[in-house]
Every structure is written in structure tokens, then in C-alpha cells.
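Visitor: what's the 3D shape of this:
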Amino acid sequence: MDIQHLWHTHVRGLILYARQWADREAEDVVQDAFLKLLAAKPPPDEPKAWLYRVVRNTAIDRLRKKRWFRPPPLDNWFENLPDRTQPFDGVELTQLLETLPQHIREIVIAKIWGNLTFREIAELTQRPISSVHSDYQNGIDRLKKELGDRN
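Guide: You can find the predicted model right below:
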């Protein structure tokens with residue numbers, strides 16, 4: 001298992017995924033997950049899916065512990081690209097994703113930015129694969145509608 005390759009390949013998707021629950025601490029949550037991966041004996045068979053599960057659980061745990069105090073959410077979950085190759089900047093894209101119900105947003109982020117399969121997402125969220133697929137399609141349809149309304 002090449003930790004460096006996993007880091008470079010998945011760190012941005014993991015950070016975005018963690019921001020749903022621990023926006024200002026997302027980077028810390030992801031670093032914790034990689035440290036847990038390094039310590040895992042034996043290492044997981046599917047490290048990418050394992051990392052998403054650990055990030056999800058750690059971020060939700062941190063949110064529960066800080067229920068009494070939560071800093072204001074980040075306006076931008078994304079790194080803005082200097083060449084502006086995307087039709088929306090990070091703030092607009094964050095706002096667009098926040099229009100989705102949380103359980104649907106989680107699936108869309110895991111699929112698009114995390115490149116997880118529907119099977120991996122179903123295991124991660126402990127939901128039937130048919131529900132995950134249906135919610136993903138519902139989320140994409142909602143995003144398309146919202147994008148159409150903005151143009």
C-alpha cells in the first residue's frame with residue numbers, strides 16, 4: 001500500500017467530504033484518518049473506502065462533541081483555480097451543494113469528488129445500493145435544475 005499515492009490521489013476529495021460536518025477542521029480530520037491508516041494492522045483491503053469511512057466517523061464525532069460551540073461555516077469548500085476553468089467559483093459551488101439535503105449531498109460528493117462506487121457509498125452510509133443510486137440521481141437532477149435556473 002502506497003500511502004503517498006493515496007494521499008496525492010484522494011486528499012482533496014476527502015477534505016471536501018469532511019467539510020460537510022467539520023468544515024474548519026476538515027484537514028485535521030483527514031490527517032487523523034491517514035495516521036490511523038498508517039497504524040492499522042492489518043492494513044485495510046480497500047484503503048480508499050476505509051479512509052472515507054474513518055473521515056466520516058471522525059468528522060461526525062467531532063461535530064457531536066462541539067455541539068455547544070460551532071464556528072461559522074466556511075463560505076468556500078473548494079480551492080479556486082486561478083485560470084477559472086470551472087463555470088462556478090468555490091463559493092458558488094459550495095452554495096449549490098448546500099441546497100441538497102445532507103444525505104444526498106454526501107452521496108454526490110462521495111461519487112463525484114471521491115470517485116467512490118455506488119457499492120462503496122452504500123457500505124459507507126449503511127444504506128441499500130438502490131437507495132444510494134436513486135438519491136445520487138435525485139441530487140444530480142436537483143443540481144441540474146438549480147444550474148438551469150441560474151442561467
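Visitor: Would you map the helices across the chain?
Guide: 3-22, 26-39, 47-65, 90-98, 102-112, 118-125, 129-150 (DSSP state H).
Visitor: Quick one: those helices as JSON lines, columns for distance to F78 and mean pLDDT too.
Guide: Using the backbone N, CA and C atoms, a C-beta is placed for each residue, glycine as well. Formatted as JSON lines, those follow (distance: least, Cβ to Cβ, whole Å; pLDDT from 0 to 100):
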{"stretch": "helix 3-22", "distance to F78": "7", "mean pLDDT": "92"}
{"stretch": "helix 26-39", "distance to F78": "12", "mean pLDDT": "95"}
{"stretch": "helix 47-65", "distance to F78": "17", "mean pLDDT": "92"}
{"stretch": "helix 90-98", "distance to F78": "3", "mean pLDDT": "82"}
{"stretch": "helix 102-112", "distance to F78": "11", "mean pLDDT": "93"}
{"stretch": "helix 118-125", "distance to F78": "20", "mean pLDDT": "96"}
{"stretch": "helix 129-150", "distance to F78": "15", "mean pLDDT": "90"}
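Visitor: So which of those helices is the most surrounded?
Guide: helix 102-112 (a mean of 20; mean count of other Cβ atoms under 10 Å).
Visitor: next one: it to chain centre, how far?
Guide: 7 Å (Cα atoms, centre = their mean, to the nearest Å).
Visitor: No further queries at this time; thank you.
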